[in-house]
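Peer 1: I need the structure of the sequence given here:
(chains A and B)
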Number of protein chains: 2
Amino acid sequence: MPALTEILTQTELHRSLLEEALRHLPLPVVPAFGSAENLHAVEFVATGETVTTGSRGRVAELFPCTVAVAAGRVLRADKALATAVTGKRVAVLFSGGPAPGGHNVVCGLKQMLGAGNVLLGVQGGPKGLLAGRMAPVTDADVAVIRNTGGFDFLGTDRTKIKTAEQFAQVREVCVKHEIDAIVIIGGDDSNTNAAVLAEELFADVHADGRGVQVIGVPKTIDGDLQLEELLPISFGFDTATRVYAELVGNILQDSRSSLKYWHFIKLMGRAASHVTLEVALQTKPAVTLISEEIAQRKQSLAEVIEQIAQTVVARAHKGIHHGVLLVPEGLIEFIPEMKSLIDELNDGMAQHETTLSSLDEAGKRAFVGQQLSAQHVKLFASLPDYIQDMLLAERDSHGNLQLSLIPTEQLLVDMTRQRVREIGDASGIKIPFATQSHFFGYEGRCGAPTLFDAAYTLNLGLTAGALVLAGKTGYMASIGDIFSGGVPLAIPLAGLLDVERRHGSEAVVIEKALVKVDAPAMQYFVSRREAWAQDDLFASPGPRQLWGPVARQVPVSVALNRGAESLAFRFGD
Amino acid sequence: MPALTEILTQTELHRSLLEEALRHLPLPVVPAFGSAENLHAVEFVATGETVTTGSRGRVAELFPCTVAVAAGRVLRADKALATAVTGKRVAVLFSGGPAPGGHNVVCGLKQMLGAGNVLLGVQGGPKGLLAGRMAPVTDADVAVIRNTGGFDFLGTDRTKIKTAEQFAQVREVCVKHEIDAIVIIGGDDSNTNAAVLAEELFADVHADGRGVQVIGVPKTIDGDLQLEELLPISFGFDTATRVYAELVGNILQDSRSSLKYWHFIKLMGRAASHVTLEVALQTKPAVTLISEEIAQRKQSLAEVIEQIAQTVVARAHKGIHHGVLLVPEGLIEFIPEMKSLIDELNDGMAQHETTLSSLDEAGKRAFVGQQLSAQHVKLFASLPDYIQDMLLAERDSHGNLQLSLIPTEQLLVDMTRQRVREIGDASGIKIPFATQSHFFGYEGRCGAPTLFDAAYTLNLGLTAGALVLAGKTGYMASIGDIFSGGVPLAIPLAGLLDVERRHGSEAVVIEKALVKVDAPAMQYFVSRREAWAQDDLFASPGPRQLWGPVARQVPVSVALNRGAESLAFRFGD
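Peer 2: Numbering: from 1, shown residues only, chains lettered A, B, ... in the order given. Now for the predicted structure:
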């Protein structure tokens, strides 16, 4: 028997007890592909469904090849391919921030391509593709990365491939490495890139006139890449929200154990509030802010603060001096007056650059306070000094404020504290308001995938591989009917594109899917939140389980929005 | 079938799917108590072991009754009690910060006391005891709290019971509620309190001359309440470190996925570095600082920074621009020159209070810079402004700096950045050093207990109950032989006490158990850390599992220090 120290050293390099056990965890495969032991490629046939946006006319002009072929029609997996496809060389890459389950996409892809085709792993994201950094993915590789979190097998980056020079580089790399297809695992931006590349590489890449197929796989923990029944959710969202929900649940229990703190918790998710809504549905804290609702109601910052302060005061009157507040990372931009203030500051700071550069921080604040338009003077003055300083800090290369640097959770703490004190002073009753603030983000992007994300991504990888073998290009892989067996789908990427005018030129984008305030998940949240504010009704979802009675769950918001009867997904079995 | 919204509303109030499933998770019981289905109380007999400290003479004077009875001897559970004990009224309370597993102590206690005795739950910790806030704990209560995290069933606080007036209040409450015994679930301070109360209430509380028994239960996520074989670890440490280790593991994977950040992570644990060492053993990051080792080596802050910077530079030379650093919450006080500087500042600020109060922050920094003794001038000047400001900020009511407010992780980031830049400038090579910083603390104190903590605390509760039924007082419950079946132990609290002189008067304390730099856990860490620094060898322990193949683990440091052959504990079965 090896000594304990030897056992411990053997856990280095991704061989923790859990990682080792997870490598042998069986995952369900959707019926279209046969079974895990006996996989087969499939034909894809058109469904009755089409996807399109208001920009379809302009998109058809910009993406003639892929639009003509797909015609906006969603495909679904059909019968097994009659003849085995072999000899294909397929490159796969991660793009953008990591999300749990990415490794299983690679596993699924490798399994579907089988021994007859070659899978090349591109190192370091789109930048690695441009540089031609890639190496064959082996069966041994996929045995190691199976069911592990992170994108660390290949690494990732955020390079956008958009210039003529970059396209030429990609063509050159495709020729050099004899690539037949590229699978891009990424979010809205990366799938936009995939759409552009699919069109760009449609034909005439190789000497014989062949093009290079491009397939996207929908990844983002933010959950802002989703499309009703066709794409119930992007992968990684389930795991990330379960990681955050455990932490929020733990803090809720701490708040009621220690009986003295309000915890203000900011959650990752850039623009959309999907992550925050999901975590709220799982944990039921006293206050949850949903950016999209605040924008729709055109609430002012003061109104948001008033709403929080009133909850603090109402609970205090019942002797409850603790609570938890959830705030989405993107809140500030969704408060109309804040957005308008920031826009004015962005313009004004460019205009008065010289004057401002000669002033110290207090001087800057005073100068800007005088220059601001009447509607923003009071708002600006109401902000704590450190926020004013941040709003006047250096802009990024596009002249924009780096909003992600603003500590929204601390801003809310400080402004709520002031308002709670005012209310206390007015009533002559001191209201205790001790606080802690948190930001959960990086903790959730690379966790071991939940059983849902693990199975979902494996099947997304199988679908992407099947699309490659079926000769398709310009599609995003998806799995529909996740509550009733699972069906591989292919969504035409061009059908998702919008064309926007930005700084005078055209930009092609996949619009981020925001939280819909009238969707079932939001409606259910609204129906319960008043009760959650008044008293502690929270639950603690705890650490996600890969074995045992509660392993098979999907996000609550996904189940509600899809009209599911339970939280359990069903693939195949 | 209920609608999904109905199912979701049923999860409110601690009824998440996991919490419901955990209530039915069977837990092993140590053989001394029979079996989970058929528990029996036991006699306790003296072992050959005794516990004592250098202060034993003075302790014997201060604690005559409890010392005379226990004589420092450790007891262990023996044969079943011949006659059932009934009619006892036992109060239980949480004291200090919450720790996972506390609820199961209450469950075990309730089970051992059975239907023949009454268990009273004290609300809100020692303060609640003084106020006499308590209510009977029912079988329905323990069915609900079983295997759930947090102290929220009863709440907790940090009141110290030490004045004559407080003792009188406790006596009065004991008489009023006819209390025969008090079980205090707490850390070093709370168990010191338990020792004091055991002596104080030894006799003559009730009209018939009877005293009130007092039993302590060793809780703290910090792990600084441990005693070799007799008390392998306090409860809660395993769960908290597993929560942090998952997050650190996720961030390690993120660092190697995104390939651009160094994450500096501060971990809770006040003085001792047990938590940090354990998390390092589980995750194997590039750099881990252990306060006790730094103190032993008498390292300066500059030396600590140099060590970090050299690792950053060495990895950069290999093209690795990412990494993770772990730092224990208590680091600053363990750097000898920092402790000495803070002591001088504490004295100096009291002396120059009037002058300082007339100065702004820059003025304060300049004035103090002049007043400092030669040995501290350079150190003080080397600190970032915001740290200088914090060092000169208002003291607490004892005239001491509130060290917990110092953002050690940010201090290390900023000083490392400066040093890395200097090294880069000297060599003419720019070294990338982008950073993120984190503090993990509250996230781990109330998580759902691991299988070890759940089973350990249930058996600690059974032991505490058995000690009450056996008529014992002044003992701390423990479980020995955790790798070979488990044996209930009773450690005489007075034997753990040290007497210190503080501000001219005597203080009785249980010394915190610090990390021993020559213990096996530390030695193993030292043997591997250079390899972990040079390249990514990390592992990701992932979310703790309550079912499946990897549920049965203990902390790595505990297994190493106890000379165990594996990480698996064994209670009974």
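Peer 1: Would you confirm that A:Ala68 belongs to a helix?
Peer 2: Yes. Judged by DSSP: H, G, I helix; E, B strand; the rest coil, A:Ala68 forms part of a helix.
Peer 1: A:Lys88 against A:Ile182, yeah?
Peer 2: No. Applying C-beta atoms under 8 Å as the test, A:Lys88 and A:Ile182 come out as separate, 11.5 Å apart. For the C-beta atoms, the positions are set from N, CA and C on the backbone; glycine is no exception.
Peer 1: Compare neighbour counts for those two and give me the winner.
Peer 2: A:Ile182 (26 against 19; other C-beta atoms under 10 Å in any protein chain shown).
Peer 1: That one against A:Leu197, yeah?
Peer 2: Yes. Between A:Ile182 and A:Leu197 there is a contact under C-beta under 8 Å: 6.8 Å.
Peer 1: which neighbours do these two share?
Peer 2: When contacts are counted by C-beta atoms under 8 Å, 6 or more residues apart in numbering or on different chains, A:Ile182 and A:Leu197 are jointly contacted by A:Val214.
Peer 1: for the stretch 251-400 of chain A, what spans make up the helices?
Peer 2: Counting by DSSP state H, counting those that start in this stretch, the stretch 251-400 of chain A has helices at residues A:274-283, A:291-296, A:301-317, A:331-334, A:336-351, A:353-357, A:361-371, A:374-382, A:385-391.
Peer 1: for the fourth one, the distance to its chain's centre please.
Peer 2: Looking back up the chat, that one is helix A:331-334. 17 Å (C-alpha atoms, centre = their mean, to the nearest Å).
Peer 1: What of the second one?
Peer 2: Helix A:291-296 has its C-alpha centroid displaced from the chain centroid by 19 Å (C-alpha atoms, centre = their mean).
Peer 1: quick revisit: turn the helices of the stretch 251-400 of chain A into TSV, including distance to A:Glu530.
Peer 2: TSV is the format used below for the helices of the stretch 251-400 of chain A (distance: least, C-beta to C-beta, whole Å):
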stretch	distance to A:Glu530
helix A:274-283	13
helix A:291-296	14
helix A:301-317	10
helix A:331-334	21
helix A:336-351	24
helix A:353-357	45
helix A:361-371	38
helix A:374-382	27
helix A:385-391	30
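Peer 1: Switch those over to CSV; also include distance to chain B, mean neighbour count and mean pLDDT.
Peer 2: Formatted as CSV, the helices of the stretch 251-400 of chain A follow (distance: least, C-beta to the nearest C-beta, whole Å; neighbours: other C-beta atoms under 10 Å in any protein chain shown; pLDDT from 0 to 100):
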stretch, distance to chain B, mean neighbour count, mean pLDDT
helix A:274-283, 7, 29, 98
helix A:291-296, 19, 20, 98
helix A:301-317, 15, 18, 98
helix A:331-334, 20, 22, 94
helix A:336-351, 24, 16, 89
helix A:353-357, 21, 11, 85
helix A:361-371, 12, 15, 87
helix A:374-382, 22, 14, 92
helix A:385-391, 12, 17, 89
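Peer 1: Of those, which is nearest B:Ser291?
Peer 2: helix A:385-391 (30.9 Å; C-beta to C-beta).
Peer 1: Now do the closest one: which elements does it pack against?
Peer 2: helix A:336-351, helix A:361-371 (3 or more C-beta pairs under 8 Å, 6 or more residues apart in numbering or on different chains; DSSP states H and E).
Peer 1: how about JSON lines for those, with distance to A:Ile308 added?
Peer 2: Shown next, in JSON lines, are these (distance: least, C-beta to C-beta, whole Å):
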{"stretch": "helix A:336-351", "distance to A:Ile308": "16"}
{"stretch": "helix A:361-371", "distance to A:Ile308": "25"}
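Peer 1: Go through those and name the closest to A:Phe264.
Peer 2: Nearest to A:Phe264, of all these, is helix A:336-351, at 17.4 Å by C-beta to C-beta.
Peer 1: That closest one vs helix A:361-371, what angle?
Peer 2: Helix A:336-351 runs at 110 degrees relative to helix A:361-371, counting by axes from the mean of the first three to the mean of the last three C-alpha atoms, to 10 degrees.
Peer 1: for the stretch 101-250 of chain A, what spans make up the strands?
Peer 2: Here the stretch 101-250 of chain A has its strands, by DSSP state E, counting those that start in this stretch, at A:118-122, A:134-136, A:181-186, A:213-218.
Peer 1: residues in contact with the shortest one?
Peer 2: Residues external to strand A:134-136 that are found in contact with it (C-beta under 8 Å, 6+ apart): A:91, A:118-123, A:128, A:177.
Peer 1: for it, which positions count as buried?
Peer 2: Neighbour-count burial for strand A:134-136, counted by 16 or more other C-beta atoms under 10 Å in any protein chain shown, picks out A:Met134.
Peer 1: quick one on the thing from earlier: ok, of the contacts of strand A:134-136, which come out buried?
Peer 2: A:91, A:118-123, A:128, A:177.
Peer 1: Which two among these are spaced furthest apart?
Peer 2: Among those, the pair separated by the greatest distance (C-beta to C-beta) is A:Val118 and A:Gly128, at 17.1 Å.
Peer 1: For the closest residue to A:Asp414 other than its chain neighbours, give me its contacts.
Peer 2: Nearest residue to A:Asp414, sequence neighbours excluded (C-beta to C-beta, 6 or more residues apart in numbering or on different chains): A:Pro384, at 5.0 Å. A:Pro384 makes contact with A:411, A:414-415 under the criterion C-beta under 8 Å, 6+ apart.
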